[in-house]
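Q: I'll drop the sequence and a predicted model, then ask my questions.
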Amino acid sequence: MAFLDPGDPVELSSATRAGFRARYGADAALVARAPGRVNLIGEHTDYNAGLCLPVALPHATYAAVARRADDRVRVASLEADDTWEGTIAGAGPGGATGWAAYAAGVLWAMREAGHDVPGVDVLVHGTVPLGAGLSSSAALECSVAVAVAALTGRELDLETRRALVPLCMRAESEVAGAPTGGMDQTVALLAEPGTALLLDFGDDSNRAVPLGLEDAELTLLVTDTRVSHALHDGGYGDRRAECEAAAAALGVASLREAELSAVEALDDDLLRRRARHIVTENDRVAATVTALGEGDWNAVGRLLLASHVSMRDDFEISCDELDTVVTTAVEAGALGSRMTGGGFGGSAVSLVPLARLDAVMRAVDTAFVAAGFRPPAHLQVDPAARAELVP
Ligand code: GLA
């Protein structure tokens, strides 16, 4: 069974510092870490002014940085062979490419926003699975943003954190070319341990929602199907455009304002189904928060499943591997399960009684072998903390 450990923060931080020294022949000034995320419920709602409920993963990206005397930037990773090198001005759209766009793009976006960003050397390392729908890209952006903010003497208070969210988003959309919403960066910069973060993109508010998984003897199991997912090509942008078209057809500024009865009356079958997912998904997020408040875990499980069905049938962003995880996990004792993240591959999240964890993982592995899929990888998630400096 493939089980992905988050690793020990102290060891990962030392490994990142050692990698920095080996790559650049000097010591890093500081190391920051930023978590990946798993979204409990509320998918593709963020760019529709809607609701979502993500959780920070214990799996994180670590960024070691040091100031340079000139205006240049070097960005390297223990997970990649190439080093990106250029100027901060040259790290904008059309400049940095590949994985380095997420890191160098943040420096460009920070400078564009008026931050006093010096030339820096950066080395990143981490345990967020890449391309698994668990926001390795936001973890990368936010680890660099927090490291550089601290390097330039900024206090990592709420104001700084909030200010960094749109800059990390800019790196992702304008430099890396992935037109994503703000869920991943917000949770990476604001999450609190043991909680999910209820995000409302209608008014940009958020609040921590305590989960109490341990007391309920439950856990979150994330299963990476290893069907790779990339947000800069195809499907994600199509869904965004379809949602905008549906909102236009309904005469509303965003699907957050759409009424289900009006959606059901849409002539266009495709737009009707896309909009129906968004409108019902917002309701499911609100219902999940209520059920969590009441400790009604069976209701939470049912909402997760309903969300998956909506993404599979109406939004059409699931795939056979994700459907197999969901069906198998529930048959093996999970209270609920759904695909999570952008879709078209990536990961599923299941709500599992601790006593059934092993059985669920084994059942999913067996089902994957039977279906001829690549073996999946599992992560057990204790809701973790937001991006921070590593002392
Ligand atoms: C990706 C994007 C997010 C969000 C999800 C789907 O993770 O980065 O902004 O849209 O997909 O909910």
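A: Looks like it arrived, so ask away. Numbers count the residues shown, from 1 in each chain.
Q: so where's the stretch 201-350 of the chain uncertain?
A: Where the stretch 201-350 of the chain drops to pLDDT under 70, the residues are 229-233.
Q: stretch 178-188 near the ligand anywhere?
A: Yes. If you take C-beta under 6 Å from any ligand atom as the test, stretch 178-188 does meet the ligand, through 180-181, 183-184. (Glycine included, C-beta is placed from N, CA and C.)
Q: got a winner among these for most neighbours?
A: When the residues of stretch 178-188 next to the ligand are compared by neighbour count (other C-beta atoms under 10 Å), Asp184 ends up highest, at 30 neighbours.
Q: which one in the residues of stretch 178-188 next to the ligand is the model shakiest on?
A: Sorting the residues of stretch 178-188 next to the ligand by pLDDT puts Thr180 at the bottom of the list (93).
Q: now do the contacts for it.
A: Contacts of Thr180 were listed using C-beta atoms under 8 Å, 6 or more residues apart in numbering, and they are 46-47, 169, 172-173, 231, 236, 342.
Q: what's the closest of the residues of stretch 178-188 next to the ligand to Ala34?
A: Set against Ala34, the nearest of the residues of stretch 178-188 next to the ligand by C-beta to C-beta is Asp184 (10.2 Å).
Q: quick check, central residue of the chain?
A: In the chain, the C-alpha closest to the average C-alpha coordinate belongs to Ser135, at a distance of 3.2 Å (C-alpha atoms, centre = their mean).
Q: quick one: contacts for that residue?
A: With contacts taken as C-beta under 8 Å, 6+ apart, Ser135 has the following neighbours: 36-37, 128, 184, 187-188, 341.
Q: hmm, try it at 10 Å
A: Residues in contact with Ser135 (C-beta atoms under 10 Å, 6 or more residues apart in numbering) are 34-39, 54, 56-57, 59, 61, 128, 141-142, 180, 183-185, 187-188, 231, 341-342.
Q: separate out the buried members of the residues you listed.
A: Buried residues within the contacts of Ser135, counting neighbours by 16 or more other C-beta atoms under 10 Å: 34-39, 54, 56-57, 59, 61, 128, 141-142, 180, 183-185, 187-188, 231, 341-342.
Q: just these: which are in strands?
A: Secondary structure of the buried ones among the contacts of Ser135 is defined by DSSP state E; positions in strands are 34-39, 54, 56-57, 59, 61.
Q: for Val209, grab phi and psi.
A: Taking degrees, to the nearest 10, you get phi -120, psi 110 for the backbone angles of Val209.
Q: what's the local residue count around it?
A: The number of residues packed near Val209 is 19, by other C-beta under 10 Å.
Q: host element of the closest residue to Glu242 other than its chain neighbours?
A: Using C-beta to C-beta, 6 or more residues apart in numbering and skipping the chain neighbours, the partner closest in space to Glu242 is Arg274 (4.5 Å). For Arg274, the enclosing helix or strand under DSSP states H and E is helix 269-293.
Q: ok so, going back, closest to the ligand out of the ones in strands among the buried ones among the contacts of Ser135?
A: Each of these was checked against the ligand using C-beta to the nearest ligand atom; the closest is Asn39, at 5.9 Å.
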